[in-house]
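S.K.: Everything below, folded, please.
(one chain, ligands or ions: 1)
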Amino acid sequence: MVHSSRRRNFNNKKKGHEPRENKWRDDRDAPGNQGYREVLKENEKYWEYYKQQNVFPLEQFDEFKAALQRDLPVSFRFQGCHKDREQLIHEMENRFFGKIVEAEDTAVCVPKSLPWYKEAYQTPMSRTAVRSHPILAQLHNFLVTEAELGNLSRQEAVSMIPPLLLAPTSEHYVLDLCAAPGSKTTQLLEMIHENDENPKGMVIANDVDMKRCYMLIHHTLKRFRTAACAVTCEDAARFPQIADSDGGLIQFDRVLADVICSGDGTLRKNPEIWKKWTPQDGLGLHRMQIAIARKGAQQLKVGGRMVYSTCSMNPIEDEAVVAQLLRDSKGSLKLVDTSKMLPELKRENGVNQWKVFDRDMKLYNSLEDISEEKMKKVIVPSLFPPTEEEAKEMNLHYSMRITPHAQDTGGFFVALIEKVDESNFDGSAANGPAWKKKKMFKDEPFTFLKLDDERWHDIRNHYGVDESFKYQNLFSRRLESNDANSRQLFYANDAIKNFVKENMAKVSIQNAGMKMFSRTEGKVENTRFRLSQEGIRYLFKFMNKQKVKIGAEDMLHMLKSEENLVPLEKLTCKGDVRKQQNGTVVVYCDEDEPVCTWVGYHTIAPYISKEERLHLLRMMGVDCAEIELLMKSKRKEKAAQDREAAWARKEEEAKASGEPSTSSDAACAALEAPEENIQEMSEVKE
Ligand SMILES: C[S@@+](CC[C@H](N)C(=O)[O-])C[C@H]1O[C@@H](n2cnc3c(N)ncnc32)[C@H](O)[C@@H]1O
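M.R.: The predicted structure is shown next:
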């Protein structure tokens, strides 16, 4: 992102300019960040539209408006395994909440857990305010390192609802049709891992936008390493039927259609919407939304459930889409009554009646009102509310709308739909405007290991891997002829392996499973393959060599050491470690937390990130305040360097094009993925 003072100069803004009432200097980290540009938080059409729609009692209108004009509270969610979550929540509450209360500062609030999701927290303070307050800054520091590791995710409160309603289990096959940037994908993955570290189920996360797929892989999934996920890049409205290994078709237990929408419930964090919103935003997306929802329903098995959700409160994008889906299904789909689910969540029931306006707020009561030919393409029959008879069958009130003022969140809509019967549903007729896909990367083939592969012999012998380990689920991303040179070996569970093998020719699969081994060229080790920390999670229990149980003191010594290389001489475990071959050695105090290390002739080095070290120390009850501070200053330094570099690039681009720069730096920075996480995708020149 761009350094603020330079941005101000570039935009010719005066320094020291104070925001006026009802204007907002948006958060520098906000998605779609426009810098410190002022935004007038007014839009007459928007206010009038929602006064007319009756999606919440009209007497609440002033509260609705006031909530939308306030900054969005910060919310975050603890994720990862149950034990870690509990311990981290305990640490956060113990270390910071007391101090915040003691400070008796009225400007500071203790984050509160959401009444309907106890592992998620919300604070009415904006992100900028949190970072600039001395006590909250420490808490922020703690949260940032845990977020880096994927133990915590900053996510809008309302966006946590769809996975909670879908409630997938470890056996479920889940399709997330519009997945990027992936906060709900992570939540779904976490749920299928909740009671089983190595679930039989899988999540296929799809997005039509290649750049956003890339973000999903290298930023979101990087933090939640799993063998049970694949990322595909397809138009959801045309998502292909997935082949199963037995020659049949895969039908999913759960589908999430968190579709593209006008985002008019995200005004509090997307300032652009204030200026641009008209009713046309919803009208323009309606057909695409129906097409995606229909394709999602087609992929469901009988008894399976789909969530249709939008971050818009507009019935044209919400109930009208669900109503058309139900109409088309001829009784194969039913809305599920969600009124008893998440009882503490305040919501409005879905509505049976709404009004259809065009871009200029002209009201259309029925199709007969349309005189102009060109409007017939815009105002289509499915925009209108159901007849009284249809409404009785549809139960649109079973769906829910979250209004911003009900519990200080963004606006959101969710419908839970169940497939009750296959016979009348013709998903193949699902058609919508086609998405023009821009191809950036060539999909490298997935080549799975065979028993006689010498790499497998090498790995099996070196790590003493048990016969029961599924070597056939290891793969590289190279053509078979070129495979021996692959730098990395990945691992997928059976469901993902079968999905990939059967479908790689017809589905654009960008990523699957997780990295387990990297090739090494060093002289120290006796294997060509180094084990990665995320790979241990799966391999550890199959390993009979290259692992050593050590005492807590040795572990602390290694993790706390300022030098990465720790002399073996200083550790009591040196004898046991020296019995292993040089290279990767896994050490552990507790079998649940094995740590990958690198052992040389005289030294041992934990082969994990700084954040991971910090997390392990926290889990061992160590006070990490000093290390956190040190890391914070390094992070700041790095962020400043990145900002400068991004800004320099932007200026270069602007100079080259002769146009003033717009700020898509967030996206720019987000696309810089560390090379080691890339599944050997190669760029294709178009
Ligand atoms: C509301 S966002 C999804 C947010 C995501 N579910 C999450 O929780 O992070 C909508 C996504 O739909 C994607 N999208 C838009 N049209 C699509 C299509 N036809 N097929 C698949 N994805 C689409 C966009 O690229 C965008 O990433």
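S.K.: a helix runs through residue 106, doesn't it?
M.R.: No. Residue state for residue 106 (DSSP: H, G, I helix; E, B strand; the rest coil) corresponds to coil; a helix is not indicated.
S.K.: Who are the contact partners of it?
M.R.: Listed by CB atoms under 8 Å, 6 or more residues apart in numbering, residue 106 has no contact partners. C-betas here are computed from N, CA, C, even on glycine.
S.K.: pLDDT score assigned to it?
M.R.: In this prediction, residue 106 carries a pLDDT score of 75.
S.K.: ok, now the one 5 residues further on?
M.R.: Residue 111 is assigned a predicted lDDT (pLDDT) of 90.
S.K.: go on, residue 664?
M.R.: 31.
S.K.: Can you tell me which residues in the stretch 51-200 of the chain are near the ligand?
M.R.: 159, 177-184 (CB under 6 Å from any ligand atom).
S.K.: Go again with 5 Å.
M.R.: With the criterion set to CB under 5 Å from any ligand atom, the stretch 51-200 of the chain comes near the ligand through 178, 180-184.
S.K.: cool, the chain as well?
M.R.: 178, 180-184, 207-209, 212, 235-236, 258, 260, 435.
S.K.: May I see the PyMOL selection of the buried members of these?
M.R.: Applied in PyMOL, the following selects the buried portion of the residues of the chain next to the ligand according to 16 or more other CB atoms under 10 Å:
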select buried, resi 178+180+181+182+183+184+207+208+209+212+235+236+258+260+435
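S.K.: Okay, and which of the residues of the chain next to the ligand map to helices?
M.R.: In helices, defined here by DSSP state H, the members of the residues of the chain next to the ligand are 183-184, 212.
S.K.: Compute the number of surrounding residues for residue 540.
M.R.: By other CB atoms under 10 Å, the residues close to residue 540 number 17.
S.K.: For stretch 590-606, buried residues please.
M.R.: Neighbour counts over stretch 590-606 (16+ other CB under 10 Å) mark 594-599, 603-606 as buried.
S.K.: Leaving out the residues flanking it, which one is nearest to residue 584?
M.R.: Distances taken as CB to CB, 6 or more residues apart in numbering place residue 531 nearest to residue 584, at 4.5 Å, with adjacent residues excluded.
S.K.: Any idea what that neighbour is bridged to?
M.R.: In this structure, residue 531 bridges to residue 517 when assessed by DSSP bridges.
S.K.: Pretty sure residue 168 sits against residue 175.
M.R.: No. Because the distance of 10.6 Å does not satisfy CB atoms under 8 Å, residue 168 is recorded as not touching residue 175.
S.K.: Those two: which is more packed in?
M.R.: Between residue 168 and residue 175, residue 175 has the larger neighbour count (other CB under 10 Å), namely 29 against 24.
S.K.: And that one, how far from residue 494?
M.R.: Noted for residue 175: a distance of 17 Å to residue 494, by CB to CB, to the nearest Å.
S.K.: Show me which positions of the helix ranked longest in the chain end up buried.
M.R.: Using DSSP H to define each element, the chain has its longest helix at helix 625-657. Using 16+ other CB under 10 Å as the burial criterion, the residues of helix 625-657 that qualify are 627-628, 631-632, 635, 642-643, 646-647, 650.
S.K.: any idea which strand is longest in this structure?
M.R.: Ordering each strand of the chain by length in residues (DSSP state E) puts strand 300-310 first.
S.K.: and the next element down the chain from that strand?
M.R.: The helix or strand immediately downstream of strand 300-310 is helix 319-329, counting by DSSP states H and E.
S.K.: List the pairing partners of the helix or strand just after that following helix within its sheet, with orientation.
M.R.: The first helix or strand that comes after helix 319-329 along the chain, using DSSP H and E, is strand 333-335. Using DSSP bridges, the neighbouring strands of strand 333-335 in the sheet come out as strand 412-419 (antiparallel).
S.K.: and the strand it pairs with, what's its mean pLDDT?
M.R.: If you average the pLDDT values across strand 412-419, you get 98.
S.K.: What of stretch 47-54?
M.R.: The predicted model assigns stretch 47-54 a mean pLDDT of 97.
S.K.: Pull out the buried residues from it.
M.R.: By 16+ other CB under 10 Å, the buried positions in stretch 47-54 come out as 49-50, 53.
S.K.: quick one: contacts of that stretch?
M.R.: For stretch 47-54, contacts defined as CB under 8 Å, 6+ apart pick out 58, 61, 64-65, 279, 313-315, 351, 353-355, 357, 361.
S.K.: which of these has the most neighbours?
M.R.: residue 314 (29 neighbours).
S.K.: Phi first, then psi, for that one.
M.R.: phi -80, psi 120 (degrees, to the nearest 10).
S.K.: what residues are up against it?
M.R.: Residues counted as contacts of residue 314 (CB under 8 Å, 6+ apart) are 49, 53, 261-262, 264, 279, 281-282.
S.K.: before we move on, the earlier item: pLDDT and distance to residue 448 for the residues of the stretch 51-200 of the chain next to the ligand - can I get that in a markdown table?
M.R.: Formatted as a markdown table, the entries for those read as follows, by pLDDT from 0 to 100; distance: CB to CB, whole Å:
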| residue | pLDDT | distance to residue 448 |
| --- | --- | --- |
| 178 | 98 | 29 |
| 180 | 96 | 27 |
| 181 | 94 | 29 |
| 182 | 95 | 26 |
| 183 | 93 | 31 |
| 184 | 96 | 29 |
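S.K.: Which one of the residues you listed is nearest to residue 536?
M.R.: Distance from residue 536 was checked for each of those by CB to CB. The minimum falls on residue 182, at 23.5 Å.
S.K.: Switch the buried residues of stretch 47-54 over to CSV; also include secondary structure and distance to residue 304.
M.R.: Supplementary listing: these in CSV, determined by DSSP: H, G, I helix; E, B strand; the rest coil; distance: CB to CB, whole Å:
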residue, secondary structure, distance to residue 304
49, helix, 35
50, helix, 34
53, helix, 31
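S.K.: ok, which stretches of the stretch 101-250 of the chain are strands?
M.R.: In chain order, the stretch 101-250 of the chain shows strands spanning 112-114, 117-123, 152-154, 173-176, 202-206, 229-232, with DSSP state E, counting those that start in this stretch as the criterion.
S.K.: name the helices or strands packed onto the second one?
M.R.: By that I understand strand 117-123. The helices and strands touching strand 117-123, judged by 3 or more CB pairs under 8 Å, 6 or more residues apart in numbering; DSSP states H and E, are strand 74-78, strand 112-114.
S.K.: Relative to the whole chain's centre, how far out is the last one?
M.R.: Using CA atoms, centre = their mean, to the nearest Å, the distance from the centre of strand 112-114 to the centre of the chain it belongs to is 21 Å.
S.K.: One more: stretch 162-176?
M.R.: Shown here is stretch 162-176, whose average C-alpha point lies 14 Å from the average C-alpha point of the whole chain (CA atoms, centre = their mean).
S.K.: Would you mind listing the outside residues contacting it?
M.R.: By CB under 8 Å, 6+ apart, the surrounding residues in contact with stretch 162-176 are 116-117, 184-185, 187-188, 191-196, 199-206, 239, 250-256, 258, 296, 299, 305, 307, 309, 338, 341-342, 414, 416, 495.
S.K.: farthest-separated two in the buried residues of stretch 590-606?
M.R.: Of all pairs drawn from those, the greatest distance, 19.4 Å, lies between 594 and 603 (CB to CB).
S.K.: surely residue 508 meets residue 234?
M.R.: Yes. Counting by CB under 8 Å, residue 508 sits close enough to residue 234 to count as a contact (6.0 Å).
S.K.: Near residue 418, how many other residues are there?
M.R.: Neighbour count for residue 418, taken as other CB under 10 Å: 16.
S.K.: quick one: it and residue 310, what's the gap?
M.R.: Remark: distance between residue 418 and residue 310 (CB to CB) = 19 Å.
S.K.: can I have stretch 202-219 written out in PDB, keeping just the CAs?
M.R.: Output for stretch 202-219, consisting of C-alpha atoms alone and laid out as PDB, is shown next (Å, rounded to 0.1, in the frame of the first residue of the first chain):
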ATOM      1  CA  MET A 202     -13.200 -31.900   0.900                       C
ATOM      2  CA  VAL A 203     -13.900 -28.300  -0.100                       C
ATOM      3  CA  ILE A 204     -13.700 -27.200  -3.700                       C
ATOM      4  CA  ALA A 205     -13.200 -23.500  -3.700                       C
ATOM      5  CA  ASN A 206     -14.000 -21.800  -7.000                       C
ATOM      6  CA  ASP A 207     -13.700 -18.300  -8.300                       C
ATOM      7  CA  VAL A 208     -14.000 -17.000 -11.900                       C
ATOM      8  CA  ASP A 209     -11.400 -14.400 -11.300                       C
ATOM      9  CA  MET A 210      -7.900 -15.700 -11.700                       C
ATOM     10  CA  LYS A 211      -6.200 -13.000  -9.700                       C
ATOM     11  CA  ARG A 212      -8.600 -13.500  -6.900                       C
ATOM     12  CA  CYS A 213      -8.000 -17.300  -7.100                       C
ATOM     13  CA  TYR A 214      -4.300 -16.500  -6.700                       C
ATOM     14  CA  MET A 215      -5.100 -14.400  -3.600                       C
ATOM     15  CA  LEU A 216      -7.200 -17.200  -2.200                       C
ATOM     16  CA  ILE A 217      -4.300 -19.700  -2.700                       C
ATOM     17  CA  HIS A 218      -1.400 -17.600  -1.600                       C
ATOM     18  CA  HIS A 219      -2.900 -15.500   1.100                       C
END
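S.K.: All set now, cheers.
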